[in-house]
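>>> Dropping the sequence and predicted coords here.
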Amino acid sequence: MRNEISNDGKETDLSIPLWKANIYSFPIFIFSLIVTVFPYSFLWGTEKVYSEFSSTSNFLLLILIFFFGIILHEIIHAISWVMFAKIPFSKIKFGFNVRSLSPYAHCGETVTAKVYRIALLTPAIILGFIPISISYVSGSVWFFVTGLLFTVTACGDFFIFCLIRKVKNDQLVADHPERAGCKVVEKF
């Protein structure tokens, strides 16, 4: 992680290479598995999950859902920036980093750390936490598995959220164009 403050104290880089974010978020991945799988297993058991995905067609459908969900995850980041920071959609850049196998949405404008945090967590809430919560009540295997899938795919976002934990909500941050994280553009 870079943690460099310029001579005038106005910029702090709180970012890491995308591939390192994938590695560093592994403990969060394990924690996410534990806190989601155990409650579902306790409430509904695991037999339904195994029987539902023993068929090839359901497994292939899950792969298709995963592919489109990853794209939707990045779109939700973008929509969050547009809605909460009131920036034009044209200022959002989408891409895929081949080296780290990471899709991304990049905001080209500075936003408050509060908005940045909201944009980080919104995909996990919509695609992960809400479906998992529904599965706890309904027992739905599909809600559980897709919610789990999109919770663990948000582990990099959770890591970045932790990385910027000391940044005050009203401070301005600029999403890093090539790395996971941001630059704080005001001294903190």
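Looks like it arrived, so ask away.
>>> Please name the nearest non-neighbouring residue to the residue nearest the centre of the chain.
The residue lying closest to the centre of the chain (CA atoms, centre = their mean) is Ala154, at 3.1 Å. Computed as CB to CB, 6 or more residues apart in numbering, the closest residue to Ala154 that is not its neighbour in sequence is Ala124, at 3.6 Å. All C-beta atoms are positioned from the backbone trio N, CA, C, and that covers glycine.
>>> same thing with Ser80?
Ala119 (3.8 Å).
>>> number of nearby residues for Ile30?
12 (other CB atoms under 10 Å).
>>> Would you check how far apart it and Thr36 are?
11 Å (CB to CB, to the nearest Å).
>>> what's the neighbour count on Thr122?
20.
>>> in the host helix or strand of Ile28, what counts as buried?
Per DSSP states H and E, Ile28 falls inside helix 26-44. The neighbour-count check on helix 26-44 (16 or more other CB atoms under 10 Å) flags 28-29, 32, 36, 40, 44 as buried.
>>> mean confidence for it?
Averaged across helix 26-44, the pLDDT comes to 92.
>>> Repeat that for stretch 103-122.
95.
>>> on that earlier part again, wait, doesn't the residue nearest to Ala154 sit right on Asp157?
Yes - between Ala124 and Asp157 there is a contact under CB atoms under 8 Å: 6.2 Å.
>>> For the chain, which segments count as strands?
12-16, 92-97, 102-107, 110-112, 172-175, 180-184 (DSSP state E).
>>> Walk me through which strands the shortest one pairs with, and which way each runs.
So that's strand 110-112. Next to strand 110-112 in the sheet, as set by DSSP bridges, lie strand 172-175 (antiparallel).
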